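[1] Fold the stuff below for me.
(chains A and B)
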Protein chains: 2
Amino acid sequence: MKLGLNLSFAVKRWIEPDVLARMCARDFGVKHIQFTWDLIDPWWPDEQRDILAREYKSAFDAEGLVIDATFGGLAGYTYPQLLAPSRMQRDISFTFFKRAIDLTAQMGAGVMGTPVGGMSFNDARNADRRKHLYDDMLDYVAKLASYGKQKGLKEIHIEATPLITEFPHSPNVCVRMMEDLKGTDIPVRLLIDWGHALYKPLLEDEADISLWFKKCGPYIGSIHLQQTDGMLDRHWDFTKTGIITPELIKKATAEAGLDDIVQYLEVVTIFETPDEAVYEGMKKTMDYLHAALEA
Amino acid sequence: MKLGLNLSFAVKRWIEPDVLARMCARDFGVKHIQFTWDLIDPWWPDEQRDILAREYKSAFDAEGLVIDATFGGLAGYTYPQLLAPSRMQRDISFTFFKRAIDLTAQMGAGVMGTPVGGMSFNDARNADRRKHLYDDMLDYVAKLASYGKQKGLKEIHIEATPLITEFPHSPNVCVRMMEDLKGTDIPVRLLIDWGHALYKPLLEDEADISLWFKKCGPYIGSIHLQQTDGMLDRHWDFTKTGIITPELIKKATAEAGLDDIVQYLEVVTIFETPDEAVYEGMKKTMDYLHAALEA
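    Just a heads-up that it's a prediction; the model follows:
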């Protein structure tokens, strides 16, 4: 099992590139980094955005870390993106994800990943509209794969989310979507998040990580690790009491043959949590996970 | 007391302009609307952004609603903005807020409002850096007031937040900031959020709405209403049990002479809450507040 780190914990807190890189390497002892767009918004003006991207890359290089991927965060998830009701909004989202690919290329990372978006109340309850928006989204993702190839990307990772108004939201929808995206110019694979996969209110009997890993295994490109109680999408660190144990992580991962897939811890805290508490939770969590998972 | 509505509840759910306008007017019975940048990102390409802004304006006009203001939401709050560690990032934020002023002008609204940003862990704990970033932020806000004047804006509203790493975060810092911003090309005023003002872990004895309203009263341009328990920044609807009562709202508002200031209900739900539950909470809350506050 390979433990990596998504940088969401650092948003608005440890944002000087050298400070953050040092913390990841020396305090948290990780090598594999998934960079979040909550630190650099793909919309930012190209020239300034790319300078900052290169500053982060240099700082992480200097600490011997590898930025495997850049990934959508809270800000990008706030918008309906490729499942918006109007074509114009979906076109705006396509521009956004192309810019995210540009950012990824600037950071020398091989993977751009994101959830694809969400449907409005009305669209989500209309079978014809769901079908139309799903098909249209596949076209956009295929075009993003072509654009990614031009820019030197290796893969695109699509995140499964715990919402019936979004695609993909279940093991079966994941498999169908990956089948529908076969043959894109670069591979499109899945990112499975432990907390999304174990979200009981939506998934009921399918809130079972072994089921997800077995069904989706061949398509999984990366994994998000979090602690959760299965009742909400918690994104807790592992100092909180939840349903995910190191034993379960090791067993489910090994049984599905996913030991070579990086599992990025993705902790999201509320803004008013004091920095010191966030750091302490992260430090204890990383020490605990290293000891328990890599023993 | 004037009850208005911030559109944050609708993000990713009711996003067709006519659907949202009809809901606000007919189901929720409000007239005063504060539009959120979580529906239109100021960064979106000008031409597409402005078409969508005009679609929202037409739909809200058609229902007899008034968009008083546009206001920063979750996405904008994710970034450090005008208090970022590097000048380049602060310049990016200045561009962002100028674009928000452009969006505001397109919607025919008189007010652009936002929190100004947050400091990094290191900067927030260094008195010299705090002073430098505070002064620098004042310069940016004054320049935004000049730009706003050119674009026909009437006022800029700065939101007080419940974080020691941000400005302003207390009644005294609010007053000082407003004094320091006297004489800008258009007035800069405060937005006070009930849940931020009553946040006990930071404010302790100052978590007292009468204190906030009395100290800051002359500078208050608008107010955010939410239900909260005072322990976190909840942004609950009023079907939840909290410490804010209609009696307190009416009494504190009247005593401070703020009856003419619009108080926009700002409900923020987690993404996985089903649409139906969000709507039901909003409908009950608006019925309750109309009955209790406007009796």
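
[2] use CA for all of it now, contacts and neighbours both
    Will do.

[3] Just give me the neighbour total for residue A:226.
    By the measure other C-alpha atoms under 10 Å in any protein chain shown, the count of residues near residue A:226 is 23.

[4] make that residue A:117, sorry
    Number of residues near residue A:117 (other C-alpha under 10 Å) recorded here: 24.

[5] I'd assumed residue A:85 was in contact with it.
    No: between residue A:117 and residue A:85 there is no contact under C-alpha atoms under 8 Å: 10.9 Å.

[6] the helices in the stretch 151-295 of chain A, which residues?
    All helices of the stretch 151-295 of chain A, identified by DSSP state H, counting those that start in this stretch, fall at A:171-180, A:194-197, A:200-203, A:209-216, A:246-255, A:275-293.

[7] Out of these, which is closest to chain B?
    helix A:275-293 (6.7 Å; C-alpha to the nearest C-alpha).

[8] can you pull the buried residues of the closest one?
    Neighbour counts over helix A:275-293 (16 or more other C-alpha atoms under 10 Å in any protein chain shown) mark A:275, A:278-279, A:281-283, A:285-286, A:289-290 as buried.

[9] One more: stretch A:30-47?
    A:30-44.

[10] ok, is it in contact with chain B or not?
    Yes: interface with chain B: stretch A:30-47 contributes A:38-39, A:43-45 (C-alpha under 8 Å from any C-alpha of the partner chain).

[11] Residues of the stretch 101-250 of chain A that sit close to chain B?
    For the stretch 101-250 of chain A, the residues in contact with chain B (C-alpha under 8 Å from any C-alpha) are A:118-122, A:162-163, A:232-233.

[12] Where does chain A get nearest to chain B, residue-wise?
    Closest to chain B within chain A is residue A:75: 4.1 Å, counting by C-alpha to the nearest C-alpha.

[13] In the stretch 1-150 of chain A, what residue spans correspond to helices?
    A:17-22, A:46-62, A:74-77, A:87-106, A:121-124, A:127-150.

[14] And the first one, how far out from the chain middle?
    Distance, stretch centre to chain centre, for helix A:17-22: 21 Å (C-alpha atoms, centre = their mean, to the nearest Å).

[15] Residues touching it, excluding its own?
    A:10, A:14, A:55-56, A:59-60, A:63, A:65 (C-alpha atoms under 8 Å, 6 or more residues apart in numbering or on different chains).

[16] For residue B:201, see how far away residue A:274 is.
    Residue A:274 sits 10 Å away from residue B:201, going by C-alpha to C-alpha, to the nearest Å.

[17] do the same with residue A:97
    Counting by C-alpha to C-alpha, the gap from residue A:97 to residue B:201 is 39 Å.

[18] Which one of the two is surrounded by more residues?
    More neighbours surround residue A:97 than the other of residue A:97 and residue B:201, with 27 against 15 (other C-alpha under 10 Å).

[19] so that one sits right up against residue A:144, yeah?
    Yes: if you go by C-alpha under 8 Å, residue A:97 and residue A:144 touch, sitting 7.4 Å apart.

[20] Any stretches of the stretch 151-295 of chain A with poor pLDDT?
    The model of the stretch 151-295 of chain A has pLDDT under 70 over residues A:295.

[21] Nearest residue to residue A:123 in space, please, no chain neighbours.
    Excluding the flanking residues, the one nearest residue A:123 by C-alpha to C-alpha, 6 or more residues apart in numbering or on different chains is residue A:129, at 5.5 Å.

[22] Neighbours of the closest residue to residue A:1 other than its chain neighbours, how many?
    Among residues not flanking residue A:1 along the chain, residue A:259 sits closest, at 4.4 Å (C-alpha to C-alpha, 6+ apart). Taking other C-alpha under 10 Å as the neighbour definition, residue A:259 ends up with a count of 16.

[23] Can you list phi and psi of residue A:259 for me?
    The phi/psi pair for residue A:259 (degrees, to the nearest 10) reads phi -60, psi -20.

[24] my guess is it meets residue A:217, correct?
    No: counting by C-alpha under 8 Å, residue A:217 is not a contact partner of residue A:259; they are 11.0 Å apart.

[25] OK, contacts around the nearest residue to residue A:284 once chain neighbours are set aside?
    Once flanking residues are discounted, residue A:284 sits nearest to residue A:239: 7.0 Å by C-alpha to C-alpha, 6+ apart. Counting by C-alpha under 8 Å, 6+ apart, residue A:239 makes contact with A:281, A:284-285.

[26] What count of nearby residues applies to residue A:235?
    Counted with other C-alpha under 10 Å, residue A:235 comes out at 22.

[27] check contacts around the residue of chain A closest to chain B.
    By C-alpha under 8 Å, 6+ apart, the contact set of residue A:75 is A:37-38, B:74-76, B:78.

[28] Contact partners for residue A:91?
    With contact taken as C-alpha under 8 Å, 6+ apart, residue A:91 is in contact with residue A:82.

[29] Kindly report the same for residue A:116.
    Counted by C-alpha under 8 Å, 6+ apart, residue A:116 has contacts A:81-83, A:137, A:158-159, A:166-167.

[30] Of those, which is the nearest to residue A:225?
    Using C-alpha to C-alpha, residue A:159 comes nearest to residue A:225 of the contacts of residue A:116, at 12.7 Å.

[31] neighbours around residue A:294, how many?
    A total of 12 residues lie near residue A:294 under the criterion other C-alpha under 10 Å.

[32] so who does it touch?
    With C-alpha under 8 Å, 6+ apart, residue A:294 has these contacts: residue A:1.

[33] ok, now which ones touch residue A:181?
    Applying C-alpha under 8 Å, 6+ apart, the residues near residue A:181 are A:138, A:142, A:188.

[34] What separation is there between the residue of chain A closest to chain B and residue A:230?
    Counting by C-alpha to C-alpha, the separation of residue A:75 from residue A:230 is 23 Å.

[35] same question, residue A:239
    Applying C-alpha to C-alpha, the value for residue A:239 to residue A:230 is 16 Å.

[36] Then residue A:117?
    Distance from residue A:117 to residue A:230, counting by C-alpha to C-alpha: 22 Å.
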